[in-house]
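A.B. asks: Structure for this input, please:
(chains A, B, C and D)
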2 protein chains.
Amino acid sequence: MSVQNGSQRPPRMEDVAKRAGVAIGTVSHVLNHPHKVRPDTLERVRSAIDELGFVPDRRARALAAGTSSVIGFVVVDLSNSFFLDMARGAEQEAQKHGMNVLLANSDVQAEKELVYMHLFDEERVAGILLAPLPTNADDVLSAGRWGRDVVVLNTVPGETDACCVTANNELGGYLAARHLIDTGRRALAFVGGPFSLSPVSDRFRGVERAVAESNGHVSLTTIKTANVQEVDGRKAGRQIAALDPGELPDGIVAAADLVALGIVQAFRTDGGPRVPADVSVIGYDNNRAAWDSDVPLSTVAQPGEEMGRAATRLLLEEIRSPGEHRHQRLHLEPTLIVRQSSTR
Amino acid sequence: MSVQNGSQRPPRMEDVAKRAGVAIGTVSHVLNHPHKVRPDTLERVRSAIDELGFVPDRRARALAAGTSSVIGFVVVDLSNSFFLDMARGAEQEAQKHGMNVLLANSDVQAEKELVYMHLFDEERVAGILLAPLPTNADDVLSAGRWGRDVVVLNTVPGETDACCVTANNELGGYLAARHLIDTGRRALAFVGGPFSLSPVSDRFRGVERAVAESNGHVSLTTIKTANVQEVDGRKAGRQIAALDPGELPDGIVAAADLVALGIVQAFRTDGGPRVPADVSVIGYDNNRAAWDSDVPLSTVAQPGEEMGRAATRLLLEEIRSPGEHRHQRLHLEPTLIVRQSSTR
DNA sequence: TTGAAAGCGATACCAC
DNA sequence: GTGGTATCGCTTTCAA
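C.D. replies: Down below sits the predicted model:
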């Protein structure tokens, strides 16, 4: 058996109508307003559909009805589970409203971002979700007079006006530091970089705020890394392990789980302080690697799915009431997850 | 400035035609056969397009022309970089031919696989790439009389006839083992599981073949794990570290990079053999974690992008010559990547 | 309830 | 080259 029908023209409504002995409009009614059709006609049309293997053409339907059931999601980096979570959330919410989400991977390339925005625009999708390159957001948004509604994820557009949904990284940093302080840690260290990345600097600011709230009872040192990979963490970990015992921090906030893992690993290998006996370590992102690691890692979970759901909700609302809709900026809260690495 | 035009009807060809003082057919020509239009007319129409911000409607175009420029890719697990690589490859190849790839994340759920297959079918995409749940492939393929061509990735459909592209895992296992043997290792161990997963058992068979070729000069032991995560590797690593010195393997083939990483980590922590001095370790998949690790990991790289490219090539060929096309089964070769963990 | 016909926004063929 | 027009497959209004 072949998967494909070959070059045979797929059956149309006209064929179904003929076979069921009804008019074409009636077939349409069966598909869209079944309750307005007499039961036996319904039955007759439906079996005709089955027998012919009729598959409605969504393009034609959308064209005629002026509506679409697909939402396009342009994603900057699908290899980052944060964005994949957003996609999942978007899908969940969309599905609730009978809509579908199709993904376009812009793969950290500004040009592809534009290409896919245009594609979705020309495809006349119901609306567009855009998780852009942070630096590129305004360019993309102002590049076209986009004919459809756009909701931006993970970035706050500057000049351009649009709904956007972001994660509160400052709060995440605060929660992490606060947790360490609440469990008795007094000498904190923040490890991460580069600070030009706003997620990193935002998290750092949150840490600073928590420390400031302690009125001088807690100290904070900063160890900058080139990036937020495991290798950066290992480097920093060795650096810390080499410190004078009196200078050792007893609580470490890493800008990302991979960094935290690298630190823990370096401590083990190079005879640094014990985790969590001597030092608490907390990461960020809730990577699989975090809970799967040898010492399960405390972390701050990004509200990825929630962001996807919220963005989709905003988008659908905007689509439905084009007139009265007011753009919103949502700032969603991350969640503290306590595991072994910060439990004495 | 707002991103959206509000509820204004987007300009159509008719509007452009009127503004440029030409017929609607001419506008179409400007878009599709610019060389057949007199330069000054071209210019006039183009500026009308710009001024009005006209964006062609792909649905209408596709409907009228009976063609589509989008390829739908139903992906079982986007969180696995192997599949994301396929998507990248597909995109590259598609782009060469003026086509676009849109992704649907079925997220390891059989139902969603079907939902998206139907969506693409009804959207009348040019063709569909399907990376299915291996167990679900035949069900999906035979579920609908799919109106469009389908190429299957990473799974060989059983009953159903269709093009498919898979990775040669047996060869990968062979290459890995062969590499260890070629560099002087004689007591090999294979670590991985569950063997019910064909990638695992295929890789194991490849290892067996390499060992068999050595005519008894090389030994092989097997350590089964529950899964192919880092935690499974750590467990196995401790198990190995606890062996009598005489029973220690000097070469380990792990079924996946994470497993290999876990092993290396366990060796360090629990005082096992040194890598690579006492024992070579090689993983599989070429994860980022593999080259980023403390001891950069030798591995076998899956031909993900290549699979995506090949599948797209097959798909386009099938679309173009529906008559003469013969289904093909491609089995692509992985690549050995030697790093420090297997270099004495 | 069902049928007939006018769009939806483009393409492509055939005259001029 | 350019203009008119049938057509793509479906929705929806209006009569019957």
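A.B. asks: Would you quantify the distance from A:Thr26 to B:Gln92?
C.D. replies: A:Thr26 is 46 Å from B:Gln92, where distance means Cβ to Cβ, to the nearest Å. Placement of C-beta: from N, CA and C, glycine included.
A.B. asks: right, I mislabeled it, should have said A:Val101
C.D. replies: 23 Å.
A.B. asks: neighbour count winner among those two?
C.D. replies: A:Val101 (25 against 14; other Cβ atoms under 10 Å in any protein chain shown).
A.B. asks: Checking my notes, the more buried one in a strand, right?
C.D. replies: Yes: under the criterion used here (DSSP: H, G, I helix; E, B strand; the rest coil), A:Val101 sits inside a strand.
A.B. asks: Quick check: it touching A:Ile71?
C.D. replies: Yes: between A:Val101 and A:Ile71 a contact is recorded at 5.1 Å, counting by Cβ atoms under 8 Å.
A.B. asks: what residues are shared contacts of these two?
C.D. replies: Common neighbours of A:Val101 and A:Ile71 are listed as A:Ala90, A:Ala94, A:Leu129, A:Thr312 (criterion: Cβ atoms under 8 Å, 6 or more residues apart in numbering or on different chains).
A.B. asks: okay, now the second one: neighbour count?
C.D. replies: A:Ala94 has 25 neighbouring residues, counting by other Cβ under 10 Å.
A.B. asks: contacting residues for A:Gly21?
C.D. replies: A:Arg44.
A.B. asks: And the pLDDT at it?
C.D. replies: Confidence at A:Gly21, expressed as pLDDT, is 96.
A.B. asks: separation between it and chain B?
C.D. replies: Distance, A:Gly21 to chain B, by Cβ to the nearest Cβ, to the nearest Å: 23 Å.
A.B. asks: Low-confidence stretches in chain A?
C.D. replies: Chain A contains residues with pLDDT under 70 at A:1-8.
A.B. asks: And the residue nearest the centre of it?
C.D. replies: Nearest to the geometric centre of chain A sits A:Met86, at 2.5 Å (Cα atoms, centre = their mean).
A.B. asks: and it, what helix or strand is that in?
C.D. replies: Counting by DSSP states H and E, the element that carries A:Met86 is helix A:81-96.
A.B. asks: how far does that helix sit from the chain's center?
C.D. replies: Relative to the mean C-alpha coordinate of its chain, helix A:81-96 is positioned 7 Å out (Cα atoms, centre = their mean, to the nearest Å).
A.B. asks: which parts of that helix are buried?
C.D. replies: A:81-91, A:93-94 (16 or more other Cβ atoms under 10 Å in any protein chain shown).
A.B. asks: Also within reach of chain B: list those from those residues.
C.D. replies: Filtering the buried residues of helix A:81-96 for proximity to chain B by Cβ under 8 Å from any Cβ of the partner chain leaves A:Ser81, A:Leu84, A:Ala87, A:Arg88, A:Glu91.
A.B. asks: all strands for the stretch 51-200 of chain A, in order.
C.D. replies: Applying DSSP state E, counting those that start in this stretch to the stretch 51-200 of chain A gives strands spanning A:70-75, A:100-105, A:127-131, A:149-153, A:163-167, A:187-192.
A.B. asks: Which one of those lies nearest to DNA strand D?
C.D. replies: strand A:70-75 (14.8 Å; Cβ to the nearest atom of the strand).
A.B. asks: pretty sure A:Arg209 contacts A:Glu170?
C.D. replies: Yes: with contact taken as Cβ under 8 Å, A:Arg209 and A:Glu170 are classed as touching, separated by 7.3 Å.
A.B. asks: what touches both of the two?
C.D. replies: Shared contacts of A:Arg209 and A:Glu170 (Cβ under 8 Å, 6+ apart): none.
A.B. asks: Comparing those two, which shows the higher neighbour count?
C.D. replies: A:Glu170 (21 against 15).
A.B. asks: and the residue nearest to that one when sequence neighbours are not counted, what does it touch?
C.D. replies: The shortest distance from A:Glu170 to any non-neighbouring residue, by Cβ to Cβ, 6 or more residues apart in numbering or on different chains, is to A:Gly206 (4.2 Å). Contact analysis of A:Gly206 by Cβ under 8 Å, 6+ apart lists A:Asn169, A:Glu170, A:Leu171, A:Gly172, A:Gly173, A:Tyr174, A:Leu175, A:Ala176, A:Ala177.
A.B. asks: Which of the three states applies to A:Gly206?
C.D. replies: Relying on three-state DSSP, one would call A:Gly206 helix.
A.B. asks: so how far is A:Tyr284 from it?
C.D. replies: 10 Å.
A.B. asks: likewise A:Ile319?
C.D. replies: Taking Cβ to Cβ, one finds A:Ile319 at 34 Å from A:Tyr284.
A.B. asks: Repeat that for A:Asn32.
C.D. replies: Counting by Cβ to Cβ - A:Asn32 and A:Tyr284 are separated by 48 Å.
A.B. asks: my read: A:Asn154 touches A:Gly304, true?
C.D. replies: No: here A:Asn154 does not reach A:Gly304: they are 9.2 Å apart, not a contact under Cβ under 8 Å.
A.B. asks: list residues touching both of those two?
C.D. replies: With Cβ under 8 Å, 6+ apart as the test, A:Asn154 and A:Gly304 both reach A:Phe82, A:Phe83, A:Met86, A:Ala167.
A.B. asks: what residues are shared contacts of A:Gly206 and A:Tyr284?
C.D. replies: Shared contacts of A:Gly206 and A:Tyr284 (Cβ under 8 Å, 6+ apart): A:Gly172, A:Ala176.
A.B. asks: could you list every residue that touches the residue nearest to A:Gly72 when sequence neighbours are not counted?
C.D. replies: Excluding the flanking residues, the one nearest A:Gly72 by Cβ to Cβ, 6+ apart is A:Phe120, at 3.5 Å. Shown in contact with A:Phe120 (Cβ under 8 Å, 6+ apart): A:Gly72, A:Val74, A:Ala104, A:Ile128, A:Arg148.
A.B. asks: Roughly how far does A:Phe120 sit from B:Val70?
C.D. replies: Taken as Cβ to Cβ, the span from A:Phe120 to B:Val70 is 10 Å.
A.B. asks: got it, and A:Leu336?
C.D. replies: Distance of A:Leu336 to B:Val70, computed by Cβ to Cβ: 42 Å.
A.B. asks: likewise A:Asn154?
C.D. replies: Counting by Cβ to Cβ, the gap from A:Asn154 to B:Val70 is 25 Å.
A.B. asks: what about stretch A:53-60 and chain B, touching?
C.D. replies: Yes: Stretch A:53-60 reaches chain B (Cβ under 8 Å from any Cβ) through A:Gly53, A:Val55, A:Pro56, A:Asp57, A:Arg58, A:Arg59, A:Ala60.
A.B. asks: what distance separates the start and the end of that stretch?
C.D. replies: In stretch A:53-60, first residue to last residue: 18 Å (Cα to Cα, to the nearest Å).
A.B. asks: Buried residues of it, list them for me.
C.D. replies: Neighbour count says stretch A:53-60 has A:Phe54, A:Val55, A:Pro56, A:Asp57, A:Arg58, A:Arg59, A:Ala60 buried, by 16+ other Cβ under 10 Å.
A.B. asks: Apart from its neighbours in sequence, what residue is nearest the last one?
C.D. replies: On the basis of Cβ to Cβ, 6+ apart, the spatially nearest residue to A:Ala60 that is not a chain neighbour turns out to be B:Leu63, at 5.6 Å.
A.B. asks: who are the neighbours in contact with that neighbour?
C.D. replies: Counting by Cβ under 8 Å, 6+ apart, B:Leu63 has contacts A:Asp57, A:Arg59, A:Ala60, A:Leu63.
A.B. asks: ok, now A:Ala64?
C.D. replies: With Cβ under 8 Å, 6+ apart, A:Ala64 has no contacts at all.
A.B. asks: How about A:Leu130?
C.D. replies: A:Leu130 neighbours (Cβ under 8 Å, 6+ apart): A:Phe73, A:Val74, A:Glu113, A:Met117, A:Ala137, A:Val140, A:Leu141, A:Val150, A:Val151, A:Val152, A:Leu153.
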